[in-house]
Every structure is written in C-alpha cells, then in structure tokens.
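**Q** Compute the structure for the input listed below.
(2 chains)
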Amino acid sequence: MNIARNITEVFTRARGNRRRKRINLTPYLFLLPGVLLFLAWTAYPLLKAFQISLYDWNPIPGQVSAFIGSANYTRAFSDPVFWMALRNTVMYAVVTVIGQMFLGLTVALMVDQVVFARTAFRTIYYLPVITSWVVISILFKYLFNSNPSGLVHYLMVDVLHLLPDYVPWLSNAGTSWVAILSLGIWKGIGWSMIIFLAALQSIPVVFYEVAAIDGANKWDRLWRITLPLIRPTLIFVLVMLIIGGFQAFISIYLITGGGPLQRTEVLLSYMYNQGFKYMEFGYGAALSYMLAALIFGVNFIQIRFLQERIEY
Amino acid sequence: MGIRLRQQVNQALLVLALSIGAVFMMIPFLYMISTSLKGQVYVFEFPPRFIPAQPTLDNFVSAWNANNFGRYFLNSMQVALITTGLQLFFSSTVAYAFARFEFPGKNALYYILLATLMIPGMMLIIPQFMLAASFRLLNTLTGLVLVYTAAGIAFNTFLLRGFFEQLPRELEEAVLIDGGTHLTIFFRVLIPLSTPALATVAIFTFLGAWDEYIWALTTINEPAKRTLPIAIANLQGAHASDWGLIFAGSLIAVVPVLLVFISLQKYFIKGLTSGAIKG
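**A** Okay, here's the model as predicted:
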C-alpha cells in the first residue's frame, strides 16, 4: 500500500516537474555540430586506443585480434628500446626546457628594458616559433651536414676553431643530439620570451620605484621582485615546455629517423614506428597511453603548484 | 648627467646583446634563402657563401612547375582555409552554448573537453587512422580537414567562451524582447563583437593546418593530394643533396606564413598570452 503510494507520488512529481521545467533544446542545437565532430575524432579515438592497447591488434579488417590484457604494457618494461626511448625523451625535455627557460627569460628581460627597435627584436626572436617544424628540421639537417662546406662545420672548425676537425654530425647518436637539441632550443626561445614578456609588463612600476628608493641594485630587483612576481608564469612555462618536450617527434623523425640503431628514438617516434612501420597497433597504442600518463602526471603537479596565485 | 650617460650605455649594451642573439636567430633563415638562390654547383662550395655568386630563380621555377609545388600549394591553401572556416563555426557555436546557457550535462562535457586538452594529439593517431580508413577518408583532403578541425575544438572553445562571457548581456536581452532568436543574437551581436578573438582563432587554426605534417604523412599516399609539408619532406628524401631546390620549396611554404604573422602580429601575441594567462 505504502509502496504503491510512494511510486505514484514519484511519478506524478516527475510528470509535474517535466511540465514545469521543459528542457530547453537551444543549447544542444548550438553544441551539436562541434561536439559531434569532437566525439567522433577525439573522444572515440581516445577510448578506442585504450581498447586496442589491450589486444594483439590485427590491422587487417575482418581478422580476429586476440585479447591479451596488459601484455602490451608489460612488454614495454622488458623492451630495451622502450627504456632507451624513455631516457632520450626525458633527456630531450630536460635539456631543451632548461635552454628555452634560461634564454627565453634572458631575452625577455632585455627586450622589456630596451627602447630601440623593441618590436623588431621581438619579431626576430619569434620567427623560428612560427616556422614549420618540417622546414626547420630539414634546414638543420643541411646546416649540420657532414660535408666540410656545412655551415656549422665552417663556423666551428674554420672560423672559430672550436673543433679540431670535421665531425659526421648526423651519423652517430651523440652528435645527432647536438643538432636535435640545438634545434629544439633555438626554435622555442621566442615562445617563452613572449609569455615572459607579457608577465614582466604586468608588474606595476611602483614596485621597482620603491625598490630603487630603498637602494636595491639590479640583481636585488631581479631576485627579490621580478622572479617572485612572475613565479606563476615561470611554472606555467616550465610545465608547457616539459609537456612539449615529451612530444618531440618531427625533428627527430626527419633528422635521424630514430637511428642510428634506434639510439635517438624518443617515445613518440617509437610509438609511431611501432604503429605504422611494424603495424604493431596494440603495442603502439599501449605506448601512447603510457606517454599520456606521464603527461597527466606533469599536469597534476602543475595544478598543485598553480593553485596559489599572486595578486598585485 | 651621470645617470643619463649610464642609461645610454646600458641601452647600447642591451641593443648589442640583443643584436648578437638576433643574428643567431636569423642566420639559418638567411642561409636558407641564399641556398635557394644558388645553382646546384654552388651548394657545396667551400668556403660557404652568404651572397650567392650567380643568384638564380631556377630552383623556384623548378619547384613550382616540374616538382608540382603549384598543386601542393593549392592543396594546402584549400585545406587550411576550409579548416579555418569550419573551426570558427564549430568552436564559436559550442562556446556560445557554454557561455550563455545552463543545461544538463554542461559540467560533464566541460570536463571532458578540458581533459582532452592535456593529452598529446598524436596518441590518437592509430584509432584515427582506422576510423579514416573505415570512412574511406584515407588519401582525401576531407580527412585532413576533419581531423584538423576536431583537434582544435576543445582549445578554441575555451578561448572563445572566455571572450563571450566578458561581453555584456543587455544587448542580447533586448534582441530577445524584440522577438529575435538566439540565432539572431549569435550572428548579429556576438560574432560581430568578437572579431579580435575570432581573428586569433582563425590565425592559429590556419597556421596549424598549413604546417601540419604527421597526419598528412600518415594518410596521404597519392602524389596529387600532397600538402606542402609532405611535399617538402619528400623532396628532401628524393633529391637528398639538391638543397637549392629543397629550400625553394620550403620558402614557398614559409613565406605566406611569415607575411600573415608580421601583418597580424597583434592578434598573434594576444592569442598566445590569453592562452597563457588563462592556463
């Protein structure tokens, strides 16, 4: 009896609710085209990649793929090339992030102070950022070519005498990294410079005026005012660069192809080669999930750090 | 007097240091231009020269005609323009729904979009490839456009939502009272008021599509469907030491980008920093 009454009550209330609060369809119509595209080409592939990573995926349509659980993930841990790729990825991130942060900040501090040709300098330092990775990678391949007339050879050996002899830059791993890392830093300075510059320009001048009255010198001002005040920006740039560093691909793919002997392979190039060179879709998908986990970890730390913000 | 002088010395030193850095930034570009103007015999001359001995435009002619860069240029232009148009439409409608409506599922959708901002786009490439294959989109420019557009929706929605929310609502309420619909508001009020934000989205989308390499490399095999980035990389693979030709092809791709950047720098910087400040 009681139960029946409760049920009818729930029903009538629900009906009443629906009559009173008719769902407005307008927002869904606005959402529809964009969200459909997003679901089809981003959300679905994201889930599908996870499914693929649990199978020994057979790329031929209609063929059966064997479910192998976490085997693709455990396979990575006993795969020496995976470890090498991971080590290279971290090394690439560390070196290029330090280089870009340091040089980007230095340039930003100078551009912030300079009066003459400020816009021109800003534009020049930013040019590599907007130039395509493909073109820059091929350009660096040319600058570092092993012919004595290669520009880097000419500068290092014949002009500056920093190197005793010509080096076959791109035929061994160690020297290939010199080309790949210097490309990564050179191309990225402008981006961090722009972000730092915006932060520097938002610092109220009063702070510096007061510091000047108190007799603070340049270093004091840099360490006591500028850097603490742009701390959120420093962390933001740091995190974005780390994430970018983990995703290095095109320069390595085009300059060394991961060689010689896979010694310059990074996670993304290894993932790509597993997928599209060896047709190991399952292993490739597992690798991509492991990289995503790494990046999520970094993001998590960022959210932690960015929670405290500075108010002027 | 002393302070004045010290300031001037300071400025001179700054200009000097920045100029040295600027030379390092410019050398690779200048050398690329110089090489593209050299005949094949001069490409490996020693010592290397910045000013070509006998400058020639032969490489550009050969890239554009014999190596089909005219065709690739059109492909890239088509893909980048259509992607930009679709991106503007799709992300601004989604952003409008987020900025002006309360609806069931709003928060869930918001967090899903936010989460995908953090994942590297390339991790989706295997399932995207399978999806494209099953829709017969491999070897089509449509396949490029769809994936490029989808890839930008989450980020541009956030950018535009933030902008829309800052616009005053009074005007829109007036439109509704006068019998207008939300479509009227969207097309007649919001879009015209949002030109700076839309310009930012347009520029970044255009450049992203123009320069995209990996997805095009993976899905396009047919020579006639190539875009400029794959064409350039292929040129380097096929004519490994014909650097003059390779850089003439590269410059055909790079120069439009530089022109767009230099003329619309204002929007560029704004887009970058707004993305930065909003995280």
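
**Q** Residue A:191 and residue B:238, how far apart?
**A** Distance, residue A:191 to residue B:238, by Cβ to Cβ, to the nearest Å: 32 Å. C-beta coordinates here come from the backbone N, C-alpha and C atoms, glycine included.

**Q** higher neighbour count, these two?
**A** Of the pair residue A:191 and residue B:238, residue A:191 is the one with more neighbours under other Cβ atoms under 10 Å in any protein chain shown, namely 22 against 11.

**Q** so who does residue B:172 touch?
**A** Listed by Cβ atoms under 8 Å, 6 or more residues apart in numbering or on different chains, the contact partners of residue B:172 are B:100, B:185, B:189-190.

**Q** Distance to residue A:137 for those residues - can I get that in a markdown table?
**A** Below are those laid out as a markdown table (distance: Cβ to Cβ, whole Å):
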| residue | distance to residue A:137 |
| --- | --- |
| B:100 | 44 |
| B:185 | 46 |
| B:189 | 45 |
| B:190 | 41 |
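
**Q** So which of those belong to helices?
**A** Here DSSP state H is the test, and the contacts of residue B:172 give residue B:100 as lying in helices.

**Q** ok, which pair from the contacts of residue B:172 is furthest apart?
**A** B:100 and B:189 (10.8 Å; Cβ to Cβ).

**Q** These two - which one has more neighbours?
**A** Taking neighbours as other Cβ under 10 Å, residue B:100 and residue B:189 compare with residue B:100 leading, 20 against 17.

**Q** The more buried one: what's it in contact with?
**A** A:27, B:164, B:169, B:172, B:182.

**Q** Can you tell me which of those are classed as buried?
**A** A:27, B:164, B:172, B:182 (16 or more other Cβ atoms under 10 Å in any protein chain shown).

**Q** mind listing the helices for the stretch 51-200 of chain A?
**A** Assigned by DSSP state H, counting those that start in this stretch, the stretch 51-200 of chain A shows helices spanning A:71-77, A:80-113, A:118-130, A:133-143, A:151-153, A:173-201.

**Q** and the longest one, is it in reach of chain B?
**A** It stands for helix A:80-113. Yes: applying Cβ under 8 Å from any Cβ of the partner chain, one finds helix A:80-113 touching chain B at A:107, A:110-111, A:113.

**Q** from these, which is closest to residue B:209?
**A** residue A:107 (29.1 Å).

**Q** Report pLDDT for that closest one.
**A** Reported pLDDT at residue A:107 in the predicted model: 97.

**Q** One more: residue A:8?
**A** For residue A:8, the pLDDT comes out at 48.

**Q** picking that back up, biggest separation within the buried ones among the contacts of residue B:100, which pair?
**A** Checking those with Cβ to Cβ, the most distant pair is A:27 and B:172, at 14.1 Å.

**Q** Nearest residue to residue A:55 in space, please, no chain neighbours.
**A** Sequence neighbours aside, residue A:65 is the residue nearest to residue A:55 in space, at 4.4 Å (criterion: Cβ to Cβ, 6 or more residues apart in numbering or on different chains).

**Q** Identify the residue nearest the geometric centre of the chain.
**A** As the question left the chain open, I've gone with chain A. Geometric centre of chain A, nearest residue: residue A:244, 1.5 Å, by Cα atoms, centre = their mean.

**Q** The intended chain is chain B.
**A** Compute the mean C-alpha point of chain B, and by Cα atoms, centre = their mean the closest residue is residue B:207, 1.4 Å away.

**Q** hang on, that one packs against residue B:258?
**A** No: using Cβ atoms under 8 Å, residue B:207 is not in contact with residue B:258, being 10.6 Å away.

**Q** what do the two both touch?
**A** residue A:130.

**Q** Residue B:39 contacts residue B:58, correct?
**A** Yes: contact status for residue B:39 versus residue B:58: in contact at 6.7 Å, counting by Cβ under 8 Å.

**Q** what touches both of those two?
**A** Residues touching both residue B:39 and residue B:58 (Cβ under 8 Å, 6+ apart): residue B:244.

**Q** what sits against residue A:140?
**A** Residue A:140 neighbours (Cβ under 8 Å, 6+ apart): A:179-180, A:182-183, A:251, A:255, B:28.

**Q** still on that earlier bit, among the contacts of residue B:100, which lie within helices?
**A** Mapping those onto helices (DSSP H) picks out A:27, B:164, B:172, B:182.

**Q** Would you mind giving these as TSV with pLDDT and distance to residue A:174 added?
**A** Putting the ones in helices among the contacts of residue B:100 into TSV (pLDDT from 0 to 100; distance: Cβ to Cβ, whole Å) gives the following:
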residue	pLDDT	distance to residue A:174
A:27	91	57
B:164	91	52
B:172	86	62
B:182	88	61
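
**Q** Residue B:224: which of those is nearest?
**A** Residue B:224 has its nearest neighbour among these in residue B:164, at 41.0 Å by Cβ to Cβ.

**Q** re the thing from before, skip the chain neighbours and tell me the closest residue to the residue nearest to the centre of chain B.
**A** Using Cβ to Cβ, 6+ apart and skipping residues adjacent in sequence, the residue nearest residue B:207 is residue B:257, 6.1 Å away.

**Q** residues near the one you found, how many?
**A** In terms of burial, residue B:257 registers 19 neighbours under the definition other Cβ under 10 Å.

**Q** Please apply the same query to residue B:136.
**A** The burial count for residue B:136: 10, using other Cβ under 10 Å.

**Q** how close does it sit to residue A:130?
**A** 34 Å.

**Q** again, but for residue B:193
**A** From residue B:193 to residue A:130 the distance is 28 Å (Cβ to Cβ).

**Q** returning to what we had before: out of the contacts of residue B:172, who's nearest residue B:34?
**A** residue B:190 (48.4 Å).

**Q** That closest one - how many residues pack around it?
**A** When neighbours are defined as other Cβ under 10 Å, residue B:190 has 23 of them.

**Q** was I right about it contacting residue B:163?
**A** No: using Cβ under 8 Å as the test, residue B:190 is too far from residue B:163 to be in contact (9.5 Å).

**Q** Show me whatever sits in contact with both of these two.
**A** Shared contacts of residue B:190 and residue B:163, defined by Cβ under 8 Å, 6+ apart, are absent.

**Q** Residue A:236 contacts residue A:195, correct?
**A** Yes: look at residue A:236 against residue A:195 with Cβ under 8 Å: they come within range, at 7.2 Å.

**Q** The two: who's more crowded?
**A** Higher neighbour count among residue A:236 and residue A:195: residue A:195, with 25 against 20, using other Cβ under 10 Å.

**Q** what about that one, distance to residue A:238?
**A** For residue A:195, the distance to residue A:238 - Cβ to Cβ - is 11 Å.

**Q** For residue B:171, see how far away the closest residue to residue B:180 other than its chain neighbours is.
**A** Among residues not flanking residue B:180 along the chain, residue B:188 sits closest, at 7.6 Å (Cβ to Cβ, 6+ apart). Here the criterion is Cβ to Cβ. By it, residue B:188 lies 10 Å from residue B:171.

**Q** Equivalent analysis for residue A:240, please.
**A** Shown here: residue A:240 relative to residue B:171, a distance of 36 Å by Cβ to Cβ.

**Q** Between these two, which has more neighbouring residues?
**A** Ranked by neighbour count (other Cβ under 10 Å), residue A:240 and residue B:171 place residue A:240 first, with 19 against 13.
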